[in-house]
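Student: Build me a model from this:
(chains A and B)
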Amino acid sequence: MAKVLTPRSESYAQWYNDLVLKADLAENSAVRGCMVIKPYGFAIWEKMQSVLDKMFKDTGHQNAYFPLFIPKSFFSKEADHVEGFAKECAVVTHYRLKNNPDGSGVVVDPEAQLEEELIIRPTSETIIWNTYKNWIQSYRDLPIKINQWANVVRWEMRTRLFLRTAEFLWQEGHTAHETKAEALEETETMINIYADFAEKWMALPVIQGAKTANERFAGALETYTIEALMQDGKALQSGTSHFLGQNFAKAFDVKYTTNEGKEDFVWATSWGVSTRLMGALIMAHSDDHGLVLPPKLAPIQVVIVPIYKKAEELARISQVVEKISAPLKAKGIEVKFDDKDNKKPGWKFAEYELKGVPVRLAIGPRDLENGTVEVARRDTLEKKVVAIEGVDVYIEELLEDIQTNIYKKAIDFRAENTRKVNSYDEFKKVLDEQGGFILAHWDGTEETELKIKEDTKATIRCIPFDGEDEEGVCMVTGKPSKRRVIFARAY
RNA sequence: CGGGGUGUAGCGCAGUCCGGUUAGCGCACCUGGUUUGGGACCAGGGGGUCGGGGGUUCGAAUCCCUCCACCCCGACCA
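Tutor: Residues are numbered from 1 along each chain as shown, chains lettered A, B, ... in the order given. All right, here's what the predicted structure looks like:
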């Protein structure tokens, strides 16, 4: 078979780039740092969106839409928030172009300078809290639980398709609550939803935990995260949920009247996942042959490739294909019959492997005679000839089996690449030689965390929720520690 | 934003050092035919602002200046 992807062993980064392009997921655009998401890639994102959207609505959230532009003055209201985002904001300063007097195209009209510059949202807390101020008067107006699907812009130095682009698509939830407890509960609910989505739909095992103060969202009191481990041993932060306390309420003066007639600031959360999930999905399961998609998110779940010599033969095969695909479609399975005659079967096999289609059926004259079909599964590349009779049930179960199997593979990989270390030397050695998640004791100070980051480029991914209490000493300073935290090099 | 690399047909590349017919090759594409159980073959055909702009020269893909984009490695970040 022709080699179309750089093997992972040769260059993991190059393999990833090749895969995104060759599987037709996305490509670089004419605009620096911004990508074009192609139809096949966007179809996966749309599936993710529709599942998440339902999960949000099932937990009492509603969708809305807020502007792309944020007045500069809004931005400066929450000190930590500005500091966190200031360095990567795109700013609109003018509202008009004019023909260049020298005839060489158009130039910005200097007369058309905005009185107040507009920031292109890197996130929407400020515009949303400025709006919520007008929506909230009493406890009866609470809670407000809103989500928006949007694009945001963060002017990144170095970009990579899906993993980090200057513009990306995401959803951002913004909620307002009466009490601290309720806001904290919301923060937890949402990180649980993300974890659930990652594991059940993406087949991606994740670790839930809290970020250290240093790694927290700008303006949050607490950031919860789901962290996934990629095949190269690096961690990928895949979703975050923030407890914002009363910081934004105070910054935007959002008060409500309690049922005792007193005034208080409302409590806030925000949470989001982005097209970065696409990167996670790609890197989690794929191999040197191409993409491996979890059946639940695959735009095409079953592809059927006919093998024939003459048009007459194709016609006979097509009739059988119709009998096979009708019951599959009735079960809600996405089936594609590729009867294009300008590509040979072998070409198609390779192509659909590259695109990660979970199940491939091949039907030729031999099968017509025997009443069989060849079934190939993408995750293991195994092929099996089965009877057409009852093949719909077989395939339905196979899809479930593939979903389970790739999840299991990912979780086994993570287990093999999660290690406890007790000394800083051991930590550095494991990090350099094996990577993965490292469980180690840390004294809880920002100083130590930064020293480790500077020495090794590893960061604390999270303080896991399900970590066991264990007395120990910080691997760097020897100070006491009550539990281990998770370190890794990260994307 | 620093260091390194690349930019020539849709894709992958040769040609650039050392300037000189009409810029070439493979894949893809179009037409015809033979093929079809793991990326088919033959014949014919179309497709190029040589990344953009400026300069040197009788003459520039090739030399000089400048800008842009992408990739890799750093710093920054989801």
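Student: For stretch A:322-329, the averaged confidence score.
Tutor: For stretch A:322-329, mean pLDDT is 97.
Student: Chain neighbours aside, what residue packs nearest to residue A:216?
Tutor: The shortest distance from residue A:216 to any non-neighbouring residue, by C-beta to C-beta, 6 or more residues apart in numbering, is to residue A:223 (4.3 Å). Using the backbone N, CA and C atoms, a C-beta is placed for each residue, glycine as well.
Student: For the one you found, give me its contacts.
Tutor: Contact partners of residue A:223, counting by C-beta atoms under 8 Å, 6 or more residues apart in numbering, are A:210-211, A:215-217, A:240-243.
Student: Over to residue A:194?
Tutor: For residue A:194, the contacting residues are A:206, A:226, A:238-239, A:241, A:271, A:273, by C-beta under 8 Å, 6+ apart.
Student: Swap in 7 Å and give it another go.
Tutor: Neighbouring residues of residue A:194 by C-beta atoms under 7 Å, 6 or more residues apart in numbering: A:226, A:239, A:241, A:273.
Student: Residue A:490 now?
Tutor: Residues counted as contacts of residue A:490 (C-beta under 7 Å, 6+ apart) are A:234-237, A:459, A:461.
Student: what pairs with it across the strands?
Tutor: Assessed by DSSP bridges, residue A:490 has beta-bridge partners residue A:235.
Student: gap between it and residue A:443?
Tutor: Relative to residue A:443, residue A:490 is positioned 21 Å away (criterion: C-beta to C-beta, to the nearest Å).
Student: where along chain A do the helices fall?
Tutor: A:12-22, A:39-58, A:72-75, A:79-85, A:125-135, A:180-200, A:247-251, A:276-285, A:311-330, A:345-354, A:365-370, A:391-416, A:424-433, A:446-456 (DSSP state H).
Student: which one of the ones you listed lies closest to residue A:339?
Tutor: Evaluated with C-beta to C-beta, the helices of chain A place helix A:311-330 nearest to residue A:339, the distance being 6.5 Å.
Student: Same list, the contacts of residue A:490, but only the ones touching RNA strand B.
Tutor: Among the contacts of residue A:490, the residues within reach of RNA strand B (C-beta under 7 Å from any atom of the strand) are residue A:237.
Student: Residue A:109 reaches residue A:98, doesn't it?
Tutor: Yes. Using C-beta atoms under 7 Å, residue A:109 is in contact with residue A:98, at 4.3 Å.
Student: closest one to residue A:484 among the helices of chain A?
Tutor: Nearest of the helices of chain A (C-beta to C-beta): helix A:424-433, 11.6 Å.
Student: for the closest one, packing partners?
Tutor: Where contact means 3 or more C-beta pairs under 7 Å, 6 or more residues apart in numbering; DSSP states H and E, helix A:424-433 is packed against strand A:437-441.
Student: what lines up beside the strand it packs on in the sheet?
Tutor: Looking at strand A:437-441 with DSSP bridges, its partner strands are strand A:418-420 (parallel), strand A:480-488 (antiparallel).
Student: Just say which of those strands is most tucked in.
Tutor: strand A:480-488 (a mean of 19; mean count of other C-beta atoms under 10 Å).
Student: Let me know the average pLDDT across that one.
Tutor: 95.
Student: cool, stretch A:364-371 as well?
Tutor: On average, stretch A:364-371 scores 95.
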